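Chemist: Provide a 3D model corresponding to the input given below.
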Amino acid sequence: MSEKTLTLKLLKETFAVCRLNKNEVIPDWINTSDFYSITKTEDELSIVCSQESVPKDIKHKDDFKALKIEGPLDFSLIGILSKISTILAKSKISIFAISTYDTDYILVKNTDIPHAIEVLSNESYEILI
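Modeler: Numbering: from 1, shown residues only. Down below sits the predicted model:
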């Protein structure tokens, strides 16, 4: 049996990916989420947060689960997201990736999580559920 390469932890929450107008201020409703990520570009304001925090009138895609790569990861490490995304892409599993200072998160539709865990486990990734 091969040695496990990295450990990923399945987070319990269910997440949504929201799209707001680029000129909108960061909304207060994200503060009800224990996990959120905000990205503002010249085109949009994107927010990933707990699905429960998103008001009904906000444009969003929901029902995502997150796999956290256990870290912290050193900035000198190369290809972590590339390897994981390639494995999942070969199995026709779409991802939404978020990187932080310490680690990476891979969001996968809830319906694809069992398959994602299976294929990553088969590639020597340890998955904590």
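Chemist: quick one: Glu42 and Arg19, what's the gap?
Modeler: For Glu42, the distance to Arg19 equals 14 Å [CB to CB, to the nearest Å]. In this view, the C-beta of every residue, glycine as well, is placed from N, C-alpha and C.
Chemist: Neighbour count for those two, which is higher?
Modeler: Using other CB atoms under 10 Å, the more surrounded residue of Glu42 and Arg19 is Arg19, with 14 against 5.
Chemist: Off-centre distance for the helix or strand the more buried one falls within?
Modeler: Using DSSP states H and E, Arg19 sits within strand 15-20. Computed by CA atoms, centre = their mean, to the nearest Å, the separation of strand 15-20 from the middle of its chain amounts to 12 Å.
Chemist: Who are the packing partners of the next helix-or-strand element following that strand?
Modeler: Proceeding N to C from strand 15-20, the next assigned helix or strand is strand 36-40, under DSSP H and E. Packing partners of strand 36-40 (3 or more CB pairs under 8 Å, 6 or more residues apart in numbering; DSSP states H and E): strand 45-50.
Chemist: who touches the strand it packs on?
Modeler: Identification of contacts with strand 45-50 by CB atoms under 8 Å, 6 or more residues apart in numbering yields 13-22, 24, 26-27, 30, 32-40, 64, 96, 98, 107.
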